[in-house]
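**Q** Task: produce atomic coordinates for the following.
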Amino acid sequence: MAGNISNSASPLTSSLSKLQSLNGLFAIYKKQGPTSADVLNTLKETLLKEAGVKDPNPRKRKKQSLKMGHGGTLDSSASGVLVVGVGNGTKMLSTMLAGSKKYVAVGELGKATDTLDASGSVTLEKDFEHVTRVDIEEKLKHFVGDIMQVPPLYSALKKDGQRLSVLLKKGHKVEAKPARAVSVYNLTLQEFKPPVFTLDIECGGGFYVRSLVDDLGKALSSCAHVKELIRTKQGQFTLEEHTLHEEHWTLEHILKSLQPCSESEPAQDCTKPPQVDT
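**A** Got it, this is the predicted structure:
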């Protein structure tokens with residue numbers, strides 16, 4: 001430690017320097033409950049506090065501000081991998097958004113909800129006793145490849161600058177978005193204990209697991225909704241190897257797991273994460 005720097009000032013000076021040097025991508029674990037935006041705000045405030053930036057007013061942060069974003073929304077009720085871009089890494093988030101993702105989805109036959117998941121109100125109940133494991137496996141084949149999918153009404157998609165989910169909660173009438181092309185690379189039935197089933201899914205950008213489960217229920221002459229959803233992989237970032245849990249949302253841990261990005265680097269090089277201990 002240099003003699004002209006006090007013991008109390010040195011750690012904060014070092015932390016602020018680390019904060020301002022963050023440029024790249026890393027992955028955090030998002031738990032069930034908060035929105036992806038809430039999680040990102042918590043992460044940002046945690047790092048700013050560690051760096052000694054105490055004033056919460058963004059207008060007063062200026063040079064001490066932290067440019068940060070995520071590479072694809074996870075529903076409030078979902079958990080798993082959330083890729084975060086910081087500094088120049090935010091320019092690579094579109095690559096993560098459009099890239100491949102893996103999920104484990106737990107669905108329940110016999111009940112449909114307005115949100116297509118367990119957070120919503122039940123809108124329909126139908127028999128499911130006729131559905132067999134073979135039936136599900138056969139129907140899943142029709143959802144693999146390049147398919148057309150109608151996004152859920154309750155989603156992050158926007159109309160007139162506002163999210164559809166927000167408009168619905170305000171009581172506005174919202175029309176369904178038109179079906180759009182999405183890609184499903186792998187889709188398998190992991191377990192079936194009526195009425196609950198578990199799916200392993202690998203898909204491209206813009207794909208909604210909730211819509212898949214809803215459509216599957218209809219294809220089985222019943223109905224269904226998502227009980228639990230876990231994102232296990234996004235791009236090359238995996239749940240087991242790369243995600244930082246909240247207790248590790250520190251500058252030290254992020255610097256160790258950060259995949260650096262520069263404007264001159266190809267996106268594919270930037271999105272190859274290092275192996276980290278979480």
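**Q** was I right about Gly52 contacting Ser15?
**A** Yes. The pair Gly52 / Ser15 is scored as a contact, 6.3 Å apart, by C-beta atoms under 8 Å. (Glycine included, C-beta is placed from N, CA and C.)
**Q** Among these two, which residue is more densely surrounded?
**A** Higher neighbour count among Gly52 and Ser15: Ser15, with 20 against 15, using other C-beta atoms under 10 Å.
**Q** remind me which residues of the stretch 151-278 of the chain are low pLDDT?
**A** 155-176, 262-278 (pLDDT under 70).
**Q** try 50
**A** 158, 263-269, 271, 274-278 (pLDDT under 50).
**Q** The stretch 1-150 of the chain now?
**A** 1-9, 61-63.
**Q** switch to 80 and redo it
**A** 1-13, 54-65 (pLDDT under 80).
**Q** Quick one: the helices in it, in order.
**A** 9-20, 36-50, 58-61, 93-98, 133-140 (DSSP state H, counting those that start in this stretch).
**Q** can you put those helices in JSON lines and add distance to Phe192?
**A** Listed next are these as JSON lines, based on distance: least, C-beta to C-beta, whole Å:
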{"stretch": "helix 9-20", "distance to Phe192": "48"}
{"stretch": "helix 36-50", "distance to Phe192": "30"}
{"stretch": "helix 58-61", "distance to Phe192": "49"}
{"stretch": "helix 93-98", "distance to Phe192": "32"}
{"stretch": "helix 133-140", "distance to Phe192": "5"}
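**Q** from those, which stretch is densest packed?
**A** helix 93-98 (a mean of 19; mean count of other C-beta atoms under 10 Å).
**Q** Mind giving me the packing neighbours of that helix?
**A** Here helix 93-98 touches strand 79-86, helix 267-270, going by 3 or more C-beta pairs under 8 Å, 6 or more residues apart in numbering; DSSP states H and E.
**Q** and the longest one, how far from the chain's centre?
**A** Relative to the chain's own centre, strand 79-86 is displaced by 6 Å; criterion: C-alpha atoms, centre = their mean, to the nearest Å.
**Q** Can you tell me the strand partners of that strand and which way each runs?
**A** strand 24-30 (antiparallel), strand 68-70 (antiparallel), strand 224-234 (parallel) (DSSP bridges).
**Q** Just name the most buried of these.
**A** Taking mean count of other C-beta under 10 Å, strand 24-30 is the most buried of these, at a mean of 26.
**Q** Right, I'll leave it there.
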